[in-house]
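Asker: Any chance you can model this:
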Amino acid sequence: MAARNFTPVNQIRLTNVAIVRMKKGGKRFELACFRNKVMAWRSKTEKDIDEVLQTHSIFTNTSKGQLAKKADLVKAFGTENEEEIVAQILEKGQLQVSKEERDHKNEESFQEVSATGLDSQIIVFAGCQDGG
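Answerer: Sure, this is the predicted structure:
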């Protein structure tokens, strides 16, 4: 009999995920969010937390699906109220971006700097046309 791959029925696949990570009390806590919604939440334009979070779970490792233990949350944050903990992680946590997003942002910055430098060279060069 051939071996079969087992795929859990209750496993949730997180796609287009941005991770907001916070280290507190020697532990790492993570939230699975939508990247653009995190920015909107922090700028106070998004008010609905359900639009920001992909899941209301608090993880120690999102990619492995490891949930944070309640005892660790209480020890680190001083409360059992997960809504308060989630809000604190969203506000103060570090937004993780993928390598592709970083590369794209770096390319945009390079293009912007190149264009700015070219503009200033044109201005300087144009100023030298009076015989100098």
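Asker: And the helices in the chain, which stretches?
Answerer: Per DSSP state H, the chain carries helices over the ranges 35-42, 49-52, 70-77, 82-92, 99-127.
Asker: pLDDT weak spots in this protein?
Answerer: 1-15, 97-104, 114-132 (pLDDT under 70).
Asker: what about 80?
Answerer: 1-16, 97-132 (pLDDT under 80).
Asker: Residue 86 touches residue 49, doesn't it?
Answerer: Yes - counting by C-beta atoms under 8 Å, residue 86 touches residue 49, with 7.0 Å between them. C-beta here means a position set from N, CA and C on the backbone, and glycine is covered the same way.
Asker: Look at these two and report which has more neighbours.
Answerer: For residue 86 versus residue 49, the count of surrounding residues by other C-beta atoms under 10 Å is larger for residue 86: 21 against 15.
Asker: contacting residues for the spatially closest residue to residue 32 that is not a sequence neighbour?
Answerer: The shortest distance from residue 32 to any non-neighbouring residue, by C-beta to C-beta, 6 or more residues apart in numbering, is to residue 54 (4.2 Å). Residue 54 makes contacts with 14, 17, 32, 33, 34, as judged by C-beta atoms under 8 Å, 6 or more residues apart in numbering.
Asker: Now which of those residues would you call buried?
Answerer: Taking 16 or more other C-beta atoms under 10 Å as the criterion, what is buried in those is 17, 32, 33, 34.
Asker: roughly how far apart are the last one and residue 21?
Answerer: Applying C-beta to C-beta, to the nearest Å, the value for residue 34 to residue 21 is 15 Å.
Asker: Repeat that for residue 113.
Answerer: As judged by C-beta to C-beta, residue 113 and residue 21 stand 29 Å apart.
Asker: Then residue 91?
Answerer: Applying C-beta to C-beta to residue 91 and residue 21 gives a distance of 13 Å.
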